[in-house]
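Undergrad: build me a structure from this.
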Amino acid sequence: MQKPTDPKEEKTLLIIKPDGVKRGLIGDIVGRIEKRGLKIIALEMTQATRAQVDDHYPKDSAWIKRLGEKSLKTYQEHGMNAKAEIGTDDPDEIGKMVRSWLLDFLTSGPIVKIVIKGIRAVDMVRKIAGQTMPTLAEMGTIRGDFSVDDAAAANRGQRAVHNIVHASETPEEAVHEIQFWFAPEEIHDYKRAEEDIMF
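TA: Next up, the predicted model:
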């Protein structure tokens, strides 16, 4: 699957995480996507395995170190001592811990995986989702309206941030993630009734 040249053909992946599922937010989230004029072309609830989630998140050392550096910065900004809290202040080690917390979280209950299609689908879905950190997400976004979690609370609890959804960051990442989570025959395109009016 290549990146489309027609902007109406752009696709992205959205995953409703276990906190969104357990809190009964699936309908609200899907409604926000559809009301925006984007099209749901695949949707499935599943219990992800640890191996699947492990393959979903990057494993390269630079990504893991960045994850650790962000967490270390959170500890410092909140006057918390990383070494006292989790036994290390090494960004690589912290990154590995945070990645493991992400795996624990995404496998803690069912998830809903969704393929969304439409004009600038990647950017539109990320805008609807809001900033990754719920405490910074604007009201009117999924995270801004439905989550109050933040990195300091998550770090202190030695867990992932509960931020309701995952959304692909770039069209390239979307292509990779859609291929990872869905077989081609599970994706169903169609024409929405209002497409001729909207674009």
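Undergrad: hey, let's count contacts and neighbours off CA atoms from now on
TA: Fine.
Undergrad: not counting sequence-adjacent ones, nearest residue to Ala167?
TA: Distances taken as CA to CA, 6 or more residues apart in numbering place Leu14 nearest to Ala167, at 4.6 Å, with adjacent residues excluded.
Undergrad: that neighbour pairs with what?
TA: Ile114, Ala167 (DSSP bridges).
Undergrad: mind checking which residue lies nearest the centre of the protein?
TA: Geometric centre of the chain, nearest residue: His166, 1.0 Å, by CA atoms, centre = their mean.
Undergrad: which residues are in contact with that residue?
TA: Leu14, Ile15, Ile16, Lys17 (CA atoms under 8 Å, 6 or more residues apart in numbering).
Undergrad: ok, it to Gly24 distance?
TA: Here the criterion is CA to CA, to the nearest Å. By it, His166 lies 16 Å from Gly24.
Undergrad: Tyr190 too?
TA: Per CA to CA, Tyr190 is found 27 Å from Gly24.
Undergrad: more neighbours: the two, which one.
TA: Neighbours per residue (other CA atoms under 10 Å) separate Tyr190 from Gly24, with Gly24 holding more: 11 against 8.
Undergrad: Three-state assignment for that one, please.
TA: Per DSSP: H, G, I helix; E, B strand; the rest coil, the secondary structure class of Gly24 is coil.
Undergrad: that one and Pro134, how far apart?
TA: Distance from Gly24 to Pro134, by CA to CA: 18 Å.
Undergrad: could you do Leu72 as well?
TA: Applying CA to CA, the value for Leu72 to Pro134 is 18 Å.
Undergrad: identify the residue nearest Asp92 in space, chain neighbours excluded?
TA: Lys65 (4.7 Å).
Undergrad: strands of this protein, residue ranges please.
TA: Here the chain has its strands, by DSSP state E, at 11-16, 39-46, 111-117, 165-167.
Undergrad: may I see those strands organised as JSON lines, with mean pLDDT and distance to Val148 added?
TA: Shown next, in JSON lines, are those (pLDDT from 0 to 100; distance: least, CA to CA, whole Å):
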{"stretch": "strand 11-16", "mean pLDDT": "98", "distance to Val148": "16"}
{"stretch": "strand 39-46", "mean pLDDT": "98", "distance to Val148": "24"}
{"stretch": "strand 111-117", "mean pLDDT": "98", "distance to Val148": "20"}
{"stretch": "strand 165-167", "mean pLDDT": "97", "distance to Val148": "13"}
